[in-house]
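>>> when you get a sec, could you give me coordinates for this:
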Amino acid sequence: MSHGDTTRAVEAVWRIESARLIGALTRMVGDVGLAEEFAQDALVSALEKWPEEGVPSKPGAWLTTVAKRRVLDRWRRDERFKERMADLGRGIAEHDGQAEFDAALEEDYGDDVLRLMFVCCHPVLSGKARVALTLRMLGGLSTDEIARAFLVSEPTVAQRIVRAKRTLAKRRVPFEIPSGADRDSRLSSVLDVLYLIFNEGYTATSGADWMRTDLCEEAMRLGRVLAALLPDEREVHGLLALMELQASRFRARSGADGRPVSLADQDRSRWDRLLITRGLRSLARSVPRDPAEPRGAYSLQAGIAAEHARAPSAGDTDWVAIALLYERLVRLTRSPVAELNRAVAVSMALGPAPALEIVDALRGIPELEGYHPLPAVRGDLLVRLGRTGEARAEFERAAGLTRNERERELLLERARSG
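Just a heads-up that it's a prediction; the model follows:
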């Protein structure tokens, strides 16, 4: 292998193995920041040695062994590190073979990844910090990659990550899988973070790109890991179903020139049938067996995506079913965004007039202030009602609110066309 091939192999192995390695090390040293430091030392060693020695047959085990040596070396030479470990109630075996330490690093890999998810998405951190830390620790993304994905400066992302690790250490957030009500609320935070990552990739908040599929793929990968670790959690499968069904449209969501293509105009032959099949399978696991038992918010949203996926053409879409699902979602979440989406479904099922009433009732709600889809939807409804002058003003307002260049171009074109 060439030096470049080896470097790419190291990066690929890191992306796959970093969460398990950092999780195992966190369980041992009790600190996410320290764990990442030791894991990064192992990564640097791989970048130095693999180009000369070749990629080992078990690269994950190689990284684990090197990281383990780094921890033991620090333990032997650094009294402050010893004191810190003692303060955390952790001992590190030093006898020949270090069997206890080996066992501690090698057991419970699946649980370690799950614990790491709960730590990275802990409520003591801000939403942006949770996203950055999750992509760093569980996704194996570099600071630069995260910064480019969210179009912020690298120092900004680095600062978020450093502050997050300091906060977790200062608050002594335990490396554990919570139980009871605490687990439910913390799991909700984990799902919300994955959803935010996927949404940022699905429709980029700002910049020249309409989509960033790498972020969507990372969110789906982590969602599949979570579903494997928590197979009985229906909302985990609901979120995974939603992401897979939405991702099935990637190839059809933009034209050859990169311009967005609306759902109604997409070539459905380009939709990914494998992802649709997987999404429908995940959706089935998210629906309670008892029809009287309520469905979760992600399951309901996945159900909406499934209605689109099952329709052979836009004209075959069951908009009445979609409107009813949105109604259930609004009752469950009280979300004005869900209510706006319900208005779109109502417009398709019953016409633009009743939908405009719903949209007008949402104007002035603080949560939707600056939310560009509100004037965009209102503009579309006004066009269908023949009120083109009002519609033009709404499209111009929406264009002024969005930071995505592709979306702004589309909205301004709608305004010009009337």
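>>> isn't H122 up against F175?
No: if you go by C-beta atoms under 8 Å, H122 and F175 don't touch, sitting 10.6 Å apart. Using the backbone N, CA and C atoms, a C-beta is placed for each residue, glycine as well.
>>> helices of the stretch 1-150 of the chain, start to end?
When assigned using DSSP state H, counting those that start in this stretch, the helices of the stretch 1-150 of the chain occupy the ranges 3-29, 32-53, 59-77, 79-87, 99-106, 109-120, 127-137, 143-150.
>>> tell me the most buried of these?
Each of the helices of the stretch 1-150 of the chain was assessed for mean neighbour count using mean count of other C-beta atoms under 10 Å. The highest is helix 127-137, with a mean of 24.
>>> tell me the gap between it and the middle of its chain.
10 Å (C-alpha atoms, centre = their mean, to the nearest Å).
>>> name the residues that touch that helix?
Outside helix 127-137, the residues within contact range by C-beta atoms under 8 Å, 6 or more residues apart in numbering are 18-19, 22, 32, 36, 116-117, 120-122, 125, 141, 143, 145-146, 149-150, 157, 160-161, 163-165, 167, 189, 192-194, 196-197, 218, 222.
>>> let's see 7 Å
Here helix 127-137 makes contact (C-beta atoms under 7 Å, 6 or more residues apart in numbering) with 19, 22, 32, 36, 116, 120-121, 125, 141, 146, 157, 160-161, 163-164, 193, 196-197, 218.
>>> ok, and what's touching stretch 5-20?
1, 39, 43, 46-47, 50-51, 55, 59-60, 63, 109, 112-113, 116, 137-138, 140.
>>> please enumerate the helices of the stretch 251-400 of the chain.
For the stretch 251-400 of the chain, helices defined by DSSP H, counting those that start in this stretch occupy the ranges 273-286, 297-310, 319-333, 336-350, 352-362, 373-384, 388-401.
>>> save the ones you listed as CSV, and put in mean pLDDT too.
Converted to CSV, the helices of the stretch 251-400 of the chain look like this (pLDDT from 0 to 100):
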stretch, mean pLDDT
helix 273-286, 98
helix 297-310, 98
helix 319-333, 98
helix 336-350, 97
helix 352-362, 98
helix 373-384, 97
helix 388-401, 96
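>>> possible to save those as CSV with distance to V10?
Shown next, in CSV, are the helices of the stretch 251-400 of the chain (distance: least, C-beta to C-beta, whole Å):
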stretch, distance to V10
helix 273-286, 29
helix 297-310, 35
helix 319-333, 43
helix 336-350, 41
helix 352-362, 50
helix 373-384, 42
helix 388-401, 43
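>>> which among these is found nearest to D209?
helix 388-401 (17.3 Å; C-beta to C-beta).
>>> partners of the very next helix or strand once past the closest one, with directions?
Next in sequence after helix 388-401, counting helices and strands by DSSP states H and E, comes strand 403-404. Partners of strand 403-404 in the sheet, by DSSP bridges, are strand 206-207 (parallel).
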